[in-house]
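Q: Turn this into a structure:
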Amino acid sequence: MRKLTFSTTINAPKEKVWRVMLEDPTYRQWTSVFHEGSYALTDWAVGSKALFLIPEGDGMVSRIVAHRPNEFLSIEHLGTVKKGVEDITSNEAKSWAGVHENYTLKEINGVSTLTVEMDASDEFLKFFEDTWPKALQKLKEISEQNQATSSELRRKAI
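A: Numbers count the residues shown, from 1 in each chain. Modelled structure (predicted):
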């Protein structure tokens, strides 16, 4: 396993970025980069199960390890899902067991920095190296939509 780190700066407050990142409609938009139709079934609460799925019923079974809204989210992958059936015992499923995906969000003067760290096996290394930057770009674009800059707000106030 290798630890991968990806980061993006977003011209939006961290509360908005957090909502875009986790609320179902926008989650589906930015994660479509990984696979069209990707979605999550979870309440994002600590200890809760999380299923990260594609329309065909395949994906990951995971649990939420930590959730500090607008600051930090940690997901631990436990296994796979194939055609809607959870698997934590096969060799493929065990290869995902214990893999963490962590999201850290910081804000300075209305500009947020989102950092994603995740473990990746050699098998998925290239996929994640290629796809995470695209996913973060999409998350950035959605988060910055309708986001007036402070200079625009000042001009409107004058």
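
Q: Please name the residues that touch the residue nearest the centre of the chain.
A: The residue lying closest to the centre of the chain (Cα atoms, centre = their mean) is residue 21, at 6.2 Å. Residues in contact with residue 21 (Cβ atoms under 8 Å, 6 or more residues apart in numbering) are 27, 30, 103, 114, 139. Where C-beta positions appear, they are placed from N, C-alpha and C, glycine not excepted.

Q: I'd guessed the first one sits against residue 40; true?
A: Yes: taking contact to mean Cβ atoms under 8 Å, the distance of 5.9 Å between residue 27 and residue 40 places them in contact.

Q: Please name the bridge partners of the closest residue to residue 89 other than its chain neighbours.
A: Closest residue to residue 89 apart from its sequence neighbours, by Cβ to Cβ, 6 or more residues apart in numbering: residue 79 at 7.6 Å. Per DSSP bridges, the residues bridged to residue 79 are residue 61.

Q: Quickly note the distance from residue 79 to residue 146.
A: 39 Å (Cβ to Cβ, to the nearest Å).

Q: Next up, the contacts around residue 129.
A: residue 4.

Q: repeat that for 10 Å
A: By Cβ atoms under 10 Å, 6 or more residues apart in numbering, the contact list for residue 129 reads 2, 4, 6, 120.

Q: What separation is there between it and residue 6?
A: Counting by Cβ to Cβ, the gap from residue 129 to residue 6 is 9 Å.

Q: Equivalent analysis for residue 41, please.
A: Counting by Cβ to Cβ, the gap from residue 41 to residue 6 is 24 Å.

Q: Neighbour count: these two, which is higher?
A: Comparing residue 41 with residue 6 by other Cβ atoms under 10 Å, the one with more neighbours is residue 6, at 16 against 13.

Q: Look at the residue lying closest to the more buried one once chain neighbours are set aside and say how many residues are nearby.
A: Of all residues not flanking residue 6 in the chain, residue 132 sits nearest, at 4.3 Å (Cβ to Cβ, 6+ apart). For residue 132, the neighbour count with other Cβ under 10 Å is 20.
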